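Engineer: what follows is a predicted structure for the sequence shown.
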Amino acid sequence: MTNDQTNTQSANQNHAKKALGQHFLMDQQAIRRIAGAIDDGADIIEIGPGPGAITEVLLARASHLTVIEMDDRFAARWQQHARSHPTLSVVHGDVMKVLEATVADKQPQWIAGNLPYNLSGPLTATLAGIPLSGGMVLMYQREVAERICAGPGSKTYGGLSVLVRHFYDVKRLLTLPPGAFSPPPKVHSAVVVLTPHHRTPPCDYSILQQTVRKGFAHRRKTIFNNFRGVLDADAFTAIDINPGLRPEQLDYAAWARLALRLQNN
C-alpha cells in the first residue's frame, strides 16, 4: 500500500458521519477539563468515543472504562485496543438500545460523552433516570445545554430541565466554539456536569417522565388545561399548585408533587 493510500484510508477511518451526528472534539484544554471533572480511579462509561480524543485521557485515569460505540470503524478500533488494555471494554451498538443493560452490567460511577446531536433529547431523558454515585459529564449543542440548565420561569425551561433534577444538581462546565471540533458544527457547544444531590426522589422517575411529557405538550396552556379530564382544580390546590400557572412556571418540587398525585390517582 502506498503512502497516499494509507493516508486516504486513515482519513476515511476518522471521517465524521453526518448521519450519526458526529463532531469530534479537538480542543486539548477542553479535553483536559472534561476528564478532570471525573474522579481519578473511577469506573466510567463513555458514550460515542469516536477517534478517542477524550477516551485516551479517561483510560489513563479510570479504574475501568467502557465505551459504547455505534460506528463500525471506531468500534473495531477500540476492540483492537482493548486486547492490550485490560481496563477497557467495548460495547458495539446503538446507545439508545444498549445503555441501560451496559449500566446494569458495568455499574459505573460516572458517565461521560460528546452526545450525538440527533439523539441528545431522548438520550438525556434516559440518562437522567440513572442514579450514579459520581455523576455525568455530557457535551451538547449550547441550545440544548441551556434547556437542561434552565430554571423555572425561563423560556428555555422544559421537560429536560425537570428530569435531570430528579437525581442531580446541574451546572455548565464550559462553552465551546465550532472551531473546537472537526468538522466544525454550525452551533456552539457546551459541557454540562450532573452531580448527584443524594436526596430521595418523592416519585418514580417513569411517572415523572410521563407527567412532564403531558404537562409540556402545550406550553401556552395552563397546567390545569394540560391535565383537563385527569385532575380537577381542587386536586391541584391540594398539592399546592396554582392550576392557572403555565408548565414553565413549576419547579422540580411541584412537578414531583404532581407526578406523585398522578401515581396515586
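Structural biologist: Nice, I can see it. Residues are numbered from 1 along each chain as shown.
Engineer: contacts and neighbour counts: CA atoms only from here.
Structural biologist: Fine.
Engineer: domain parsing for this protein?
Structural biologist: Structurally, the chain divides into domains by automatic domain parsing as follows: 3-196, 205-263.
Engineer: and for residue 28, the neighbour number?
Structural biologist: Using other C-alpha atoms under 10 Å, residue 28 has 12 other residues around it.
Engineer: also the one 10 residues further on?
Structural biologist: Other residues lying near residue 38 total 23 when counted by other C-alpha under 10 Å.
Engineer: sorry, back to before: among the domains of the chain, where is the model least confident on average?
Structural biologist: Averaging pLDDT over each of these singles out domain 3-196 as the lowest, with a mean of 90.
Engineer: buried residues, stretch 220-240. List them.
Structural biologist: When neighbours are counted by 16 or more other C-alpha atoms under 10 Å, the buried residues of stretch 220-240 are found to be 221-227, 231, 233, 236.
Engineer: ok, of these, which one's closest to residue 141?
Structural biologist: When those are ranked by distance to residue 141 (C-alpha to C-alpha), residue 221 comes first, at 27.7 Å.
Engineer: three-state assignment of the closest one?
Structural biologist: Three states are possible here, and by DSSP: H, G, I helix; E, B strand; the rest coil the one that applies to residue 221 is coil.
Engineer: if we ignore the residues flanking it in sequence, what's nearest it?
Structural biologist: residue 246 (6.2 Å; C-alpha to C-alpha, 6 or more residues apart in numbering).
Engineer: what is the neighbour count of the one you found?
Structural biologist: With other C-alpha under 10 Å as criterion, residue 246 counts 20.
Engineer: from what I can see residue 190 touches residue 175, true?
Structural biologist: Yes - with contact defined as C-alpha atoms under 8 Å, residue 190 reaches residue 175; the gap is 4.2 Å.
Engineer: need the residues touching each of these two.
Structural biologist: Any residue near both residue 190 and residue 175 by C-alpha atoms under 8 Å, 6 or more residues apart in numbering counts here, and that gives residue 142.
Engineer: which one's more surrounded, the two?
Structural biologist: Neighbours per residue (other C-alpha under 10 Å) separate residue 190 from residue 175, with residue 190 holding more: 20 against 16.
Engineer: partner strands of the helix or strand hosting that one, with direction?
Structural biologist: Using DSSP states H and E, residue 190 sits within strand 189-196. Sheet partners assigned to strand 189-196 using DSSP bridges are listed as strand 135-141 (antiparallel), strand 168-176 (antiparallel).
Engineer: okay, the ones you listed, which one's buried deepest?
Structural biologist: For the strands paired with strand 189-196, average neighbour numbers computed from mean count of other C-alpha atoms under 10 Å are highest in strand 135-141, which has a mean of 25.
Engineer: tell me how far that one lies from the chain's centre.
Structural biologist: Taking C-alpha atoms, centre = their mean, to the nearest Å, the mean C-alpha location of strand 135-141 is offset from the chain mean by 5 Å.
Engineer: list the buried residues of the following helix or strand past it.
Structural biologist: Under the assignment DSSP H and E, the closest C-terminal helix or strand after strand 135-141 is helix 142-149. Of the residues in helix 142-149, those buried under the neighbour-count criterion (16+ other C-alpha under 10 Å) are 142, 144-149.
Engineer: send me the helix or strand that the strand holding residue 190 is followed by as CSV with only the CA atoms.
Structural biologist: Using DSSP H and E, the helix or strand that directly follows strand 189-196 along the chain is helix 205-215. Coordinates of the C-alpha atoms in helix 205-215 are reproduced here as CSV (Å, rounded to 0.1, in the frame of the first residue of the first chain):
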residue,chain,number,x,y,z
TYR,A,205,-38.8,8.6,37.5
SER,A,206,-41.0,6.9,34.9
ILE,A,207,-44.1,8.6,36.3
LEU,A,208,-42.3,12.0,36.3
GLN,A,209,-41.4,11.4,32.7
GLN,A,210,-45.0,10.8,31.7
THR,A,211,-46.2,13.8,33.8
VAL,A,212,-43.6,16.1,32.2
ARG,A,213,-44.3,14.9,28.7
LYS,A,214,-48.0,15.6,29.1
GLY,A,215,-47.6,18.8,31.1
